[in-house]
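In: No letters, just coordinates:
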């Protein structure tokens, strides 16, 4: 149920978003315990209401301001009435327009590494910081794909 280009999963097209999705703002006094203002606690509190994970979309936790979440429109009233606390911090929930949801900041970084060989196990090893033997085993078991195709040869050559 993503609403941005950078989300992990995207449930439906933007043309249907207003019909099936809603946004909520979650307000609470987290200033004395910022550790409780995190994705894990918000997700756990909402799922603790007995809601299926499929009903819940993005959870946006900005540095300041309200926590925001995209949810299935049919469950918005229930969440508004039932979600009273997150990690023992009292909260208030209200519906907000989808257009007012803040797009999350995404940190991107480029990493450059030098590899001694173009063999698949060597490239995988340096890319994932795993031993070459563990990578070779994963390749043999078909857990590694090259260009969306499984390969079982650790010695397969890769192209730069």
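Out: Here it is on my side, so go on. Fair warning: this is a prediction, and the values are worked out from it, not measured in the lab.
In: quick one: the helices in this structure?
Out: When assigned using DSSP state H, the helices of the chain occupy the ranges 17-20, 39-47, 76-82, 120-128, 132-140.
In: Turn those helices into CSV, columns for distance to residue 105, mean pLDDT and mean neighbour count.
Out: In this view, the C-beta of every residue, glycine as well, is placed from N, C-alpha and C. Formatted as CSV, the helices of the chain follow (distance: least, CB to CB, whole Å; pLDDT from 0 to 100; neighbours: other CB atoms under 10 Å):
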stretch, distance to residue 105, mean pLDDT, mean neighbour count
helix 17-20, 21, 77, 13
helix 39-47, 14, 92, 16
helix 76-82, 25, 95, 15
helix 120-128, 25, 90, 19
helix 132-140, 33, 92, 17
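In: Quick one: closest of those to residue 65.
Out: Of all those, the one in closest proximity to residue 65, counting by CB to CB, is helix 39-47 (13.9 Å).
In: so how far is that closest one off the chain centroid?
Out: 13 Å (CA atoms, centre = their mean, to the nearest Å).
In: what helices or strands is that helix leaning on?
Out: strand 56-60, strand 67-72, strand 85-86 (3 or more CB pairs under 8 Å, 6 or more residues apart in numbering; DSSP states H and E).
In: Would you reformat those strands as JSON lines and include mean pLDDT and distance to residue 150?
Out: Shown next, in JSON lines, are the helices and strands packed on helix 39-47 (pLDDT from 0 to 100; distance: least, CB to CB, whole Å):
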{"stretch": "strand 56-60", "mean pLDDT": "90", "distance to residue 150": "31"}
{"stretch": "strand 67-72", "mean pLDDT": "92", "distance to residue 150": "34"}
{"stretch": "strand 85-86", "mean pLDDT": "92", "distance to residue 150": "42"}
